[in-house]
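*Asks:* kindly return the folded structure for what I paste below:
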Amino acid sequence: MRRDVARSGRPSCIGRVPSLVTAFVLVCAAPGCGDPGPEPLPPYSSPPDTTTVGGTVAAGLLFTEVSAEAGIDFEHSHGAFGEKWMPETLGSGAAFFDYDGDHLVDLLLVNSDWWPGHERPGDRPTQRLYRNLGGGRFEDATAAAGLDLSLYGMGVAVADYDGDGDADVYLTAVGQNRLLRNEGGRFTDVTGSAGVDGDPPGGPPAWSTGAAWVDVDLDGWVDLYVCNYVRWTPETDLFATIDGTTKSYATPQQYEGETCRLYRNPGGTGRFADITDAAGVTNPDGKSLGVAVTDFNDDGWPDLVVANDTQRNFLYRNEGDGTFTDIAVRAGVAFDEAGRARAGMGIDVADLTGDGGWAIAIGNFAHEPLALFTRIGNDLFQDRAGAARLARPTLVPLTFGVAFADFDLDGTADVLAANGHIEPGIGAVRREQAFAQRPQLFLGDGAGEFIDASDLVGADFREPVVGRGIATADIDGDLDLDLLITVNGGAPRLYRNDLAAPPGIGIRLAGAPPNHDALGALVTVYSTGRTQRRFVSTGSSYLSQSSLQPLIFGLGEAGAADSIVVVWPGGGRTTRVGPVRAGELVTVRERPGQG
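*Replies:* Have a look, this model is predicted:
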């Protein structure tokens, strides 16, 4: 069922670094790369029974791989030609979004490219856009949409940056990034005029990774945060090895970092301003792969958390005056419990208990378990992965993508990890490792603990892949969340959620122009004593973006949500809707100047 709701209530309270030496032989000493072996398993308590969690029978959740059936015919091209250049093994991402305004989620798959001088016969790799025809069926719309462009792509972030009501695309890359403005379903490259190439001013092209659209100053126009990784070029490529003889893919310790960049959208002009220095987010020590956005301290201003690879993580608190303060160290999210920087990849944020205790999940390298930094006080977090029963099962895999989502619709967030190593030959020197690894699904119990349900959701999900990004969306309109995992050098896996349970509810947010998708809104759903909170944001996962519309909330055995409360970004205007029955899709509209 679908209905449209438009109500408003009263406001809620609430100098260049010296260049690298370009030729030397290095034996890699990174975690999982020639180290003596896995650490002993931590003495966490035994896992609970894995047949039920939070009252939901795990066997009722089934993931069916349907990429061929859905019409997705794509294979990621990394251009490898034998030299094992570092970017080849890290890409790439994907995004679910509605590019043509028909309220069906479409799919964009980011592709990389051949290296110059190493082209191959046949068509050059391009990005690939698939239009949703309904019922989970797709058709290739790449050429018609003007997205048949080639670049060494890494990630993607999608938002309506120009306020015209359609979704624009930002692609990150090794080299110049691309901003593609949506003009009625066809995209135009406006990177140059917009000034958002991701490169340092006057410097060489950067290697950009994750990105997020976020209205940092609450003026209604979404700004852009771009993660940059390391200073790598083919000319500065270094020799690394895990067996002492043959070349392996390098890890980031061997390269200098590159600061991320923050671009302010002044609105109306189409030209962004680089405010990286002025905003206080310049940090050349970062080797950033993922960024997530939420309002950690509930002051109404969006904050940023950044996952770094072999460097400490960043947590940028928005001061509300155009500047940020990095509080990661004192907040407890910079390092692991032993004070060591881990190799962070993907990242996501969720309120696991509905009481404002935001948790940050970060995927890490092999033999580094998933981090679950959970808020325990004002600007204070603790890694509770062990207590949440996530540390032991995630210790051995190499995790890239992470995502919070309620796949079983019981009203509590679950955790999904996309795993895969960076080195194809890792199994020859590390018996417990493999290049292709199984994804993992952990079902939440609503109290901050999880069970490993990876073996309980179907044979398709147990197939190992070289997993990278994660994106979720309701591709077939049945009000549950389907799942896509991107595969490095291979075909993505599209898993249809064939859940044998009552449907959830869907919420479409119609924000006031120019922020049509209501980025920065806080949505709270109340049902039979349970509270769920969702902060509307882009970013998260790894190089990827899940669908913003509609938001899917599970209700468990409840037949309806008692009420939905939306706190709109900027000004604290509040809209209350309800009750909403299971299976309903509602549209909630912001009415500026009211409430």
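*Asks:* which residues in the protein form helices?
*Replies:* For the chain, the helices defined by DSSP state H occupy 67-70, 142-145, 191-194, 276-279, 328-331.
*Asks:* for the first one, buried residues please.
*Replies:* When burial is assessed from 16 or more other Cβ atoms under 10 Å, helix 67-70 yields the following buried residues: 67, 70. In this view, the C-beta of every residue, glycine as well, is placed from N, C-alpha and C.
*Asks:* other SSEs contacting that helix?
*Replies:* Here helix 67-70 touches strand 493-497, going by 3 or more Cβ pairs under 8 Å, 6 or more residues apart in numbering; DSSP states H and E.
*Asks:* the strand it packs on: how far from the chain's middle?
*Replies:* How far strand 493-497 lies from its chain's middle: 17 Å, per Cα atoms, centre = their mean, to the nearest Å.
*Asks:* over to stretch 218-235?
*Replies:* Relative to its chain's centre, stretch 218-235 lies at 14 Å (Cα atoms, centre = their mean).
*Asks:* how about that stretch: buried residues?
*Replies:* The neighbour-count check on stretch 218-235 (16+ other Cβ under 10 Å) flags 218, 220-233 as buried.
*Asks:* can you list contacts of stretch 78-85?
*Replies:* Residues from elsewhere that reach stretch 78-85, judged by Cβ atoms under 8 Å, 6 or more residues apart in numbering: 87-89, 91, 112-115, 118, 125, 152, 234, 237, 247-249, 488-489.
*Asks:* which positions within that stretch qualify as buried?
*Replies:* Buried residues in stretch 78-85 (16+ other Cβ under 10 Å): 78, 79, 80, 84, 85.
*Asks:* now the two most distant members of those residues.
*Replies:* Across these, the longest distance by Cβ to Cβ is 11.5 Å; it joins 79 and 84.
*Asks:* residues contacting residue 230?
*Replies:* Neighbouring residues of residue 230 by Cβ under 8 Å, 6+ apart: 86, 207, 252, 255, 256, 257, 258, 287.
*Asks:* swap in 7 Å and give it another go.
*Replies:* Residue 230 makes contact with 207, 252, 255, 256, 257, 258, 287, according to Cβ atoms under 7 Å, 6 or more residues apart in numbering.
*Asks:* quick one, strands of the stretch 451-595 of the chain?
*Replies:* For the stretch 451-595 of the chain, the strands defined by DSSP state E, counting those that start in this stretch occupy 467-473, 482-487, 493-497, 505-510, 522-527, 530-535, 551-553, 560-561, 563-567, 574-577, 580-581, 585-589.
*Asks:* out of the buried residues of stretch 218-235, which comes closest to residue 161?
*Replies:* Distances from residue 161 to the buried residues of stretch 218-235, taken by Cβ to Cβ, are shortest for residue 222, at 5.5 Å.
*Asks:* before we move on, the earlier item: derive a PyMOL selection command for the buried subset of the contacts of stretch 78-85.
*Replies:* To isolate the buried members of the contacts of stretch 78-85 in PyMOL, using 16+ other Cβ under 10 Å:
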select buried, resi 87+88+89+91+112+113+114+115+125+152+237+247+248+249+488+489
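*Asks:* for residue 516, which non-adjacent residue is closest in space?
*Replies:* residue 160 (5.0 Å; Cβ to Cβ, 6 or more residues apart in numbering).
*Asks:* isn't the one you found up against residue 166?
*Replies:* Yes. If you go by Cβ atoms under 7 Å, residue 160 and residue 166 touch, sitting 6.3 Å apart.
*Asks:* who has more neighbours out of these two?
*Replies:* Applying other Cβ atoms under 10 Å to residue 160 and residue 166 shows that residue 160 carries more neighbours, namely 24 against 19.
*Asks:* from residue 213, how far out is the more buried one?
*Replies:* With distances taken as Cβ to Cβ, to the nearest Å, residue 160 is found 9 Å from residue 213.
*Asks:* next: residue 551.
*Replies:* From residue 551 to residue 213 the distance is 17 Å (Cβ to Cβ).
*Asks:* tell me which of those two has more neighbours.
*Replies:* Just comparing residue 551 and residue 213: by other Cβ under 10 Å the higher neighbour count belongs to residue 213, 25 against 22.
*Asks:* and that one, bridged to which residues?
*Replies:* residue 224 (DSSP bridges).
*Asks:* circling back to that earlier point, and the buried residues of stretch 78-85, which is closest to residue 440?
*Replies:* Nearest to residue 440 among the buried residues of stretch 78-85: residue 78, at 23.8 Å, using Cβ to Cβ.
*Asks:* distance of the residue lying closest to the closest one once chain neighbours are set aside relative to residue 69?
*Replies:* With Cβ to Cβ, 6+ apart as the criterion, residue 78 has its nearest non-adjacent residue at 4.3 Å, and that residue is residue 88. Applying Cβ to Cβ, the value for residue 88 to residue 69 is 30 Å.
*Asks:* residue 249 too?
*Replies:* Separation of residue 249 from residue 69 (Cβ to Cβ) stands at 34 Å.
*Asks:* least confident secondary structure element in this structure?
*Replies:* When the helices and strands of the chain are scored by mean pLDDT, DSSP states H and E, strand 25-27 comes last with a mean of 34.
*Asks:* pLDDT wise, what is the residue nearest to residue 78 at?
*Replies:* If you check residue 88, the pLDDT there is 97.
*Asks:* how about the helices of the chain, which one is nearest residue 425?
*Replies:* helix 67-70 (27.2 Å).
*Asks:* which phi and psi does residue 80 have?
*Replies:* Main-chain torsions, residue 80, degrees, to the nearest 10: phi -60, psi 140.
*Asks:* poorly predicted segments of the chain, please.
*Replies:* Across the chain, residues meeting the criterion (pLDDT under 70) sit at 1-59, 592-595.
*Asks:* make it 50
*Replies:* Applying pLDDT under 50 to the chain flags residues 1-57, 59, 594-595.
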